[in-house]
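Engineer: No letters, just coordinates:
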């Protein structure tokens, strides 16, 4: 049996499931309540900075309609700019779209946005909705001391820069799982030694969940690694998976399938996904 990316409800660069049409369109109501109307846009003010916005940014604070945007620990909000394209992580869901930037005038207009349609806890969905509304309402930018500010009528977003993934240090090594991270807790078991991951320099991946074989393709997206195709396939040598192995597989797929950050410390690779869920591997 092959578990497809669609079956697993996984987010990928090419798997945007829900589209908002039209410039400065507001995202659909997620069921968390609140006014989803986009504030009226104001004319942009000039910005004389010779700014280069290309790269990835992490939201550190924001305001909408006079109220702060409440960040949620473990659920990062990111913006990657590669004009005319933008994308990133809107807390629960991945998103992508277009942007029209005039550096000389400091204008920043977001066009059509698309995003995946996964559900998370109410506080995370509130953050996501507020962010996407604010991003869609942005009309100008300023870049000062490596802090990016997007503003519009009744909205303000502040971002810090994010370093790109150092994928060359990860590629070509077979990594063996030894720790699962869930919030503030870390656990391990002998079963984890059967779970491996290898990112190849041809942008393919191989490995195992400890129960089934992994295969797919990957790209870097700002500060994250994202699998553009991802499958868990029955291993003919493994036989029937025990319940404990299936439980571990669920965690592995949850972290790997939704995009993750990667950090290397010596021979240890730690992958972290949204919601403070992660996997820690050692080099084989």
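Structural biologist: Structure received. Since the structure is predicted, the reported quantities are computational estimates derived from the model, not experimental observations. Numbering: from 1, shown residues only.
Engineer: Please, where are all the strands along the stretch 51-200 of the chain?
Structural biologist: Counting by DSSP state E, counting those that start in this stretch, the stretch 51-200 of the chain has strands at residues 55-64, 67-68, 78-82, 85-90, 93-102, 107-115, 140-144, 147-152, 155-162, 174-182, 185-187, 195-199.
Engineer: for the protein, longest helix please?
Structural biologist: helix 122-137 (DSSP state H).
Engineer: Would you mind pulling up the elements that that one packs against?
Structural biologist: strand 55-64, strand 85-90, strand 107-115, strand 147-152, strand 155-162 (3 or more CB pairs under 8 Å, 6 or more residues apart in numbering; DSSP states H and E). Backbone N, C-alpha and C define where each C-beta goes, glycine included.
Engineer: again, only this time at 6 Å
Structural biologist: Applying 3 or more CB pairs under 6 Å, 6 or more residues apart in numbering; DSSP states H and E, one finds that helix 122-137 contacts strand 55-64, strand 85-90, strand 155-162.
Engineer: angle of it against strand 93-102?
Structural biologist: 20 degrees (axes from the mean of the first three to the mean of the last three CA atoms, to 10 degrees).
Engineer: Now stretch 243-250: buried residues?
Structural biologist: For stretch 243-250, a neighbour-count test (16 or more other CB atoms under 10 Å) marks 245, 248-249 as buried.
Engineer: Likewise for stretch 252-263?
Structural biologist: Buried residues in stretch 252-263, counting neighbours by 16+ other CB under 10 Å, are found at 252-262.
Engineer: Then stretch 65-75?
Structural biologist: 69, 71-72, 75.
Engineer: same question, stretch 140-157
Structural biologist: When burial is assessed from 16+ other CB under 10 Å, stretch 140-157 yields the following buried residues: 140-143, 148-152, 154-157.
Engineer: will you turn these into a markdown table that also has distance to residue 205 and pLDDT?
Structural biologist: Shown next, in a markdown table, are the buried residues of stretch 140-157 (distance: CB to CB, whole Å; pLDDT from 0 to 100):
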| residue | distance to residue 205 | pLDDT |
| --- | --- | --- |
| 140 | 40 | 97 |
| 141 | 36 | 96 |
| 142 | 39 | 95 |
| 143 | 35 | 93 |
| 148 | 32 | 96 |
| 149 | 37 | 97 |
| 150 | 34 | 97 |
| 151 | 40 | 97 |
| 152 | 40 | 96 |
| 154 | 43 | 94 |
| 155 | 38 | 97 |
| 156 | 39 | 98 |
| 157 | 33 | 98 |
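Engineer: CSV for these, including distance to residue 281?
Structural biologist: Putting these into CSV (distance: CB to CB, whole Å) gives the following:
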residue, distance to residue 281
140, 43
141, 38
142, 40
143, 36
148, 33
149, 38
150, 36
151, 42
152, 42
154, 45
155, 40
156, 39
157, 34
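Engineer: Which members of the residues you listed are the farthest-apart pair?
Structural biologist: Spatial extent of those (CB to CB) is set by the pair 143 and 154 at 21.4 Å.
Engineer: follow-up on the earlier one: and of the buried residues of stretch 140-157, the nearest to residue 201?
Structural biologist: residue 148 (32.1 Å).
Engineer: for that closest one, which residues make a bridge with it?
Structural biologist: residue 143, residue 159 (DSSP bridges).
Engineer: Any regions of this protein where pLDDT drops low?
Structural biologist: 1-51 (pLDDT under 70).
Engineer: Grab the most central residue of it for me.
Structural biologist: Centroid-nearest residue in the chain: residue 89, 3.8 Å away (criterion: CA atoms, centre = their mean).
Engineer: Residue 250 versus the spatially closest residue to it that is not a sequence neighbour, what's the distance?
Structural biologist: Sequence neighbours aside, residue 78 is the residue nearest to residue 89 in space, at 4.6 Å (criterion: CB to CB, 6 or more residues apart in numbering). Relative to residue 250, residue 78 is positioned 25 Å away (CB to CB, to the nearest Å).
Engineer: again, but for residue 185
Structural biologist: From residue 185 to residue 250 the distance is 16 Å (CB to CB).
Engineer: what about stretch 118-127, start to end distance?
Structural biologist: This stretch, stretch 118-127, spans 14 Å end to end (CA to CA, to the nearest Å).
Engineer: Out of the buried residues of stretch 243-250, which comes closest to residue 228?
Structural biologist: Nearest to residue 228 among the buried residues of stretch 243-250 is residue 249, at 20.7 Å by CB to CB.
Engineer: that older thread, give me the subset of the buried residues of stretch 252-263 that lies in strands.
Structural biologist: Of those, the ones assigned to strands by DSSP state E are 261-262.
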